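Peer 1: Mind folding the following:
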Amino acid sequence: MLKKLFLLLLIACSLQVTIAQHKELTDFPKGYSPEEVGKLIAYRFVYMGNALHAGKWIGYPQTFYWKSGLNFAELTKDELLTTYLKNRFELLFGKDKELLPIKNHVDLNMFGSLPLTLYRITEDKRYFDLGLPYADTQWEVPADAKPEEKAWADKGYSWQTRLWIDDMYMITIVQSEAYKVTGDRKYIDRAAKEMVLYLDELQRPNGLFYHAPDVPFYWGRGNGWMAAGVTELLRYLPEDSEYRPRILEGYRKMMASLKQYQQPNGMWNQLIDEADCWAETSGSAMFAYAFITGVKQGWLDSKEYAPAARKAWLALVDYVDEKGSVSEVCVGTNKKNDKQYYYDRPRRTGDFHGQFPYLWCVNALLEK
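Peer 2: The predicted model follows:
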């Protein structure tokens with residue numbers, strides 16, 4: 001009897017600790033709640049113009065801002081926002097059709113994640129028919145592929161492989177969305193195989209990632225893409241996947257390093273390991289998203305990471321103005337083997353690169 005009472009007491013104490021730790025990710029001061037911040041940022045998209053890749057096609061920052069807004073509208077049951085976002089997409093079936101990205105690069109194929117999300121929400125098959133080819137063509141080698149692209153394909157990887165850390169969100173997001181709407185394991189399995197390649201080739205002993213093999217700097221948003229990509233993949237990768245243990249290992253190794261480099265104010269710097277570099281919002285939001293999700297999914301010790309996630313979120317909100325624009329956002333950045341290049345990158349307010357990672361955090365905080 002005493003043993004039974006002890007076990008019940010132990011369970012009750014454990015439950016109280018869990019509730020208290022998760023309260024850190026649910027109980028926020030006025031103005032800092034995910035509902036308030038999310039609405040401000042999501043509705044900003046309503047009156048913004050297009051952000052085009054190479055001046056021709058809907059770019060990835062706009063794609064992810066749009067998609068994250070849809071997820072926010074779904075979570076909050078905001079039918080007005082959903083309607084606006086759907087109506088805006090309708091233009092891509094008509095007069096704005098030429099803005100649909102072509103399917104020849106990771107930064108373009110990722111677009112398929114948006115119509116596939118709309119298909120999941122609406123079950124309108126037009127979205128499915130438009131979106132799925134973006135996932136399929138990432139593994140279908142074109143006739144004019146370069147020898148190195150064919151070589152990657154011959155090994156079972158995407159012909160679009162280039163070993164830039166940005167890729168592991170771009171590839172993961174379209175393949176995981178294809179898996180969610182089709183149930184076909186090939187999509188999530190090939191994304192997982194790709195992720196293991198990138199982990200094996202690019203993750204450094206300290207858990208972080210160079211921008212590229214020939215660029216030995218720990219750029220914030222670059223690492224943010226990897227942090228978000230591995231988080232997104234783990235959310236949907238089946239437990240029996242042969243790749244899951246390696247991916248979870250790489251994720252936890254990265255999270256431990258990020259926790260070490262988190263600044264006292266809750267942010268992370270443009271170059272993560274450089275204390276004199278400036279605090280950058282888009283990468284910091286991506287890391288916060290990875291922490292929040294890891295705690296909620298049970299991949300990370302909530303006692304250790306929930307306070308860090310909360311500290312990051314509270315710091316991030318202070319960079320949002322009354323119009324929903326995020327400041328201190330590093331502009332789009334190519335790789336360059338020059339440390340000063342990263343220090344000197346322009347910072348903007350309202351750049352789409354900074355808007356959608358905030359919505360990732362919002363949605364992760366709102367999800368049950």
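Peer 1: Just the residues contacting stretch 261-276, thanks.
Peer 2: 208, 217-220, 223, 258, 277-281, 283-284, 287, 308, 311-316, 330, 339, 342-343, 345 (C-beta atoms under 8 Å, 6 or more residues apart in numbering). Every C-beta, even on glycine, is put in place using the N, C-alpha and C of the backbone.
Peer 1: do the same with stretch 100-113
Peer 2: 53, 57-60, 63-64, 67, 92, 130-135, 137-138, 142, 158, 160, 162, 166-167, 169-171, 173-174, 177-178.
Peer 1: Go again with 6 Å.
Peer 2: The contact list for stretch 100-113 (C-beta atoms under 6 Å, 6 or more residues apart in numbering) reads 57, 60, 63, 92, 131, 134-135, 137-138, 160, 167, 170-171, 173-174, 177.
Peer 1: Ok, stretch 310-328 next?
Peer 2: Contacts of stretch 310-328 (C-beta under 6 Å, 6+ apart): 24, 32, 37, 40-41, 44, 265-267, 281, 285, 288, 347, 349-350, 354-355, 358.
Peer 1: end to end, how far does that stretch reach?
Peer 2: Taking C-alpha to C-alpha, to the nearest Å, stretch 310-328 runs 20 Å from one end to the other.
Peer 1: where does this protein dip in pLDDT?
Peer 2: 1-22 (pLDDT under 70).
Peer 1: Which residue, neighbours along the chain excluded, lies closest to the residue nearest to the spatial centre of the chain?
Peer 2: Centroid-nearest residue in the chain, with C-alpha atoms, centre = their mean: residue 228, separated by 3.7 Å. In this structure, residue 228 finds its nearest non-sequential neighbour in residue 286, 4.8 Å apart by C-beta to C-beta, 6 or more residues apart in numbering.
Peer 1: mind listing which of the contacts of stretch 100-113 are in helices?
Peer 2: 60, 63, 131, 134, 135, 167, 170, 171, 173, 174, 177 (DSSP state H).
Peer 1: Quick check: the last one touching residue 118?
Peer 2: If I follow you right, that is residue 177. No: using C-beta atoms under 6 Å, residue 177 is not in contact with residue 118; the gap is 10.2 Å.
Peer 1: If you count surrounding residues, which of those two has more?
Peer 2: residue 177 (27 against 23; other C-beta atoms under 10 Å).
Peer 1: Which residues lie in contact with the closest residue to the more buried one other than its chain neighbours in this structure?
Peer 2: In this structure, residue 177 finds its nearest non-sequential neighbour in residue 116, 4.0 Å apart by C-beta to C-beta, 6+ apart. By C-beta under 6 Å, 6+ apart, the residues touching residue 116 are 131, 177, 181.
Peer 1: Okay then, goodbye and thanks.
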